[in-house]
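Trainee: how does the following fold in three dimensions:
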Amino acid sequence: MNENIQQEKKNNQRIEWIDTVKSIAIFWVILLHLNYVPTYLVHFMTPFVLATFFFCSGYVYEPTSNFKDFLYKKFRSLFMPWLFFSNLNIILSQIISFNEQEKFSVAILKNILQIRAYGDNVWFVAAIFLAFIPFYFIINTEYKHSKEQIISRRLMLLMISFILSFISLLYCTYMDPSFFPWHSVALPWHIEYIFQGVLFMVFGYYYKVAFSHKKMFLNNSKSIILLLIVYIISIFISELISSKSLLFILFNYIIKFSGVFLVVNLSKIIKSNKFISFIGQNTLIYFAIHGKAISLIQTLLVKILGNTYYVIMSNILSATLVLVLITLIVLLLLIYPIILIRKYLSFLFTTRKAKLY
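Mentor: Purely as a prediction, here's the structure:
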């Protein structure tokens, strides 16, 4: 492991640029969950957002040869928060809601099944938890070989991860959604999706141990501009080809990888602050509880502005500005609830309490 990584570990309990990456990603997650999001934002921001979280999960992973300890740690840091917050959201929705809600028993059952877009509350936390299991076995096989074999071994494991993700994409692309009663290609507990995430976890881990110090990943304006050009062109090309073609799947990889490294490189030159750091440390809680804040703010805006709100949101420029503003308000509004959650529900978290000074 190179000196830069050792310095990161020494300074931190947190890695500053990783928190910046996560804060950028959760900003777009919240924004994309708002109503009236312009199509261009959906096309340009959706591809990289979730992949960056998988990348960061792989980057900060520290290998262990004991699967029992590993599983217990992930159970504490991911499964327990998912279980608590997903069911809390269901309970709160039954008590306070701005929309019509389904029966409590049905909502609980759907949450247990974790079928994407089928009542899968706080789904992404559950998906990361499950993705960590194959990731563990992929990464840990590396350490059963000599140092001389390690490079070829890593290349082979990356290829295995790519093949598994490719199979996952083939399934999602060509599977008949009418086969299942929920009329979707989604499988319980996001099995159809997790290997797409595992690829970015593996790449994130190898980026840390082997590539992050290489010149090919220089963090400067030229690399950022190049990645941005590749990202934009790839999205435009993908819009022109059939979503059922293998070429589309190829561009899916180009878009996601260029998007992830664009955010990574940007995060390494962005000057962090306490607000950005706080967001990056608490993305799981933001993901879990932002829905109610969004509903509250949007409902208030409709009541206060009436038809004027819909007029504003019908214009791409004004809608974008309003969406950015609402997202920032949500991030700010949830600071103290998150501090209280970290203080009084500390049993849900394995990291130290996050503070905003």
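
Trainee: for residue 25, see how far away the spatially most central residue of the chain is.
Mentor: Compute the mean C-alpha point of the chain, and by C-alpha atoms, centre = their mean the closest residue is residue 50, 3.1 Å away. If you measure residue 50 against residue 25 using C-beta to C-beta, to the nearest Å, the figure is 8 Å. In this view, the C-beta of every residue, glycine as well, is placed from N, C-alpha and C.

Trainee: for residue 295, same thing?
Mentor: If you measure residue 295 against residue 25 using C-beta to C-beta, the figure is 22 Å.

Trainee: more neighbours: those two, which one.
Mentor: Taking residue 295 and residue 25 together and counting by other C-beta atoms under 10 Å, residue 25 has the greater number of neighbours (26 against 17).

Trainee: can you tell me the closest non-neighbouring residue to the more buried one?
Mentor: In space, residue 25 comes closest to residue 52 once its chain neighbours are excluded; the distance is 4.5 Å by C-beta to C-beta, 6 or more residues apart in numbering.

Trainee: before we move on, what about residue 298?
Mentor: If the residues on either side of it in the chain are set aside, residue 298 comes closest to residue 35, at 5.9 Å by C-beta to C-beta, 6+ apart.

Trainee: low-confidence stretches in the stretch 101-250 of the chain?
Mentor: Residues of the stretch 101-250 of the chain that meet the criterion pLDDT under 70 lie in 101, 142-148, 211-220.

Trainee: show me the helices in it, by range?
Mentor: 104-113, 123-140, 150-174, 191-206, 221-240, 246-269 (DSSP state H, counting those that start in this stretch).

Trainee: what's the burial count for residue 257?
Mentor: Other residues near residue 257 come to 21 when the count uses other C-beta under 10 Å.

Trainee: how close does it get to residue 239?
Mentor: Residue 257 sits 18 Å away from residue 239, going by C-beta to C-beta.

Trainee: can you classify residue 85 by secondary structure?
Mentor: For residue 85, the assignment made with DSSP: H, G, I helix; E, B strand; the rest coil gives helix.

Trainee: was I right about it contacting residue 286?
Mentor: No - here residue 85 lies out of contact with residue 286, judged by C-beta atoms under 8 Å, at a distance of 10.8 Å.

Trainee: of the two, which one has the most company?
Mentor: Set side by side, residue 85 and residue 286 give different neighbour counts by other C-beta under 10 Å, the larger being at residue 286 (24 against 21).

Trainee: so what's the more buried one up against?
Mentor: Residue 286 sits next to 26, 29-30, 279, 331, 334, 338 when contact means C-beta atoms under 8 Å, 6 or more residues apart in numbering.

Trainee: follow-up on the earlier one: now the residue nearest to the centre of the chain: which helix or strand?
Mentor: Taking DSSP states H and E as the definition, residue 50 sits inside helix 39-59.

Trainee: taking helix 123-140 as reference, get the angle to that helix.
Mentor: With axes from the mean of the first three to the mean of the last three C-alpha atoms, to 10 degrees as the basis, helix 39-59 and helix 123-140 are set at 40 degrees to each other.

Trainee: so which elements touch helix 39-59?
Mentor: Applying 3 or more C-beta pairs under 8 Å, 6 or more residues apart in numbering; DSSP states H and E, one finds that helix 39-59 contacts helix 16-32, helix 123-140, helix 191-206, helix 221-240, helix 246-269, helix 316-333.

Trainee: and residue 94, how far from residue 190?
Mentor: As defined by C-beta to C-beta, residue 94 lies at a distance of 25 Å from residue 190.

Trainee: ok, the closest residue to residue 75 other than its chain neighbours to residue 256 distance?
Mentor: The shortest distance from residue 75 to any residue other than its chain neighbours is 7.9 Å, reached at residue 129 (C-beta to C-beta, 6+ apart). Between residue 129 and residue 256 the computed distance is 21 Å (C-beta to C-beta).

Trainee: ok now stretch 234-250, how far from the chain's centre?
Mentor: When distances are taken as C-alpha atoms, centre = their mean, to the nearest Å, stretch 234-250 is centred 22 Å away from the chain's centroid.

Trainee: now swap in stretch 172-184 and tell me
Mentor: Here the centre of mass of C-alpha atoms in stretch 172-184, compared against the chain's by C-alpha atoms, centre = their mean, lies 24 Å away.

Trainee: the chain should start at 23 in everything you say after this.
Mentor: Will do, 23 is the new start, and the previous item becomes stretch 194-206.

Trainee: hmm, who's touching it?
Mentor: Applying C-beta under 8 Å, 6+ apart, the contact partners of stretch 194-206 are 137-140, 207-208, 214-215, 265-266, 270-271.

Trainee: which of these are buried?
Mentor: Judged by neighbour count, with 16 or more other C-beta atoms under 10 Å as the criterion, the buried members of the contacts of stretch 194-206 are 137-138, 140, 207-208, 214-215, 270-271.

Trainee: now render the residues you listed as a markdown table, adding distance to residue 102.
Mentor: Listed next are those as a markdown table, based on distance: C-beta to C-beta, whole Å:
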| residue | distance to residue 102 |
| --- | --- |
| 137 | 21 |
| 138 | 21 |
| 140 | 23 |
| 207 | 29 |
| 208 | 24 |
| 214 | 24 |
| 215 | 21 |
| 270 | 38 |
| 271 | 35 |
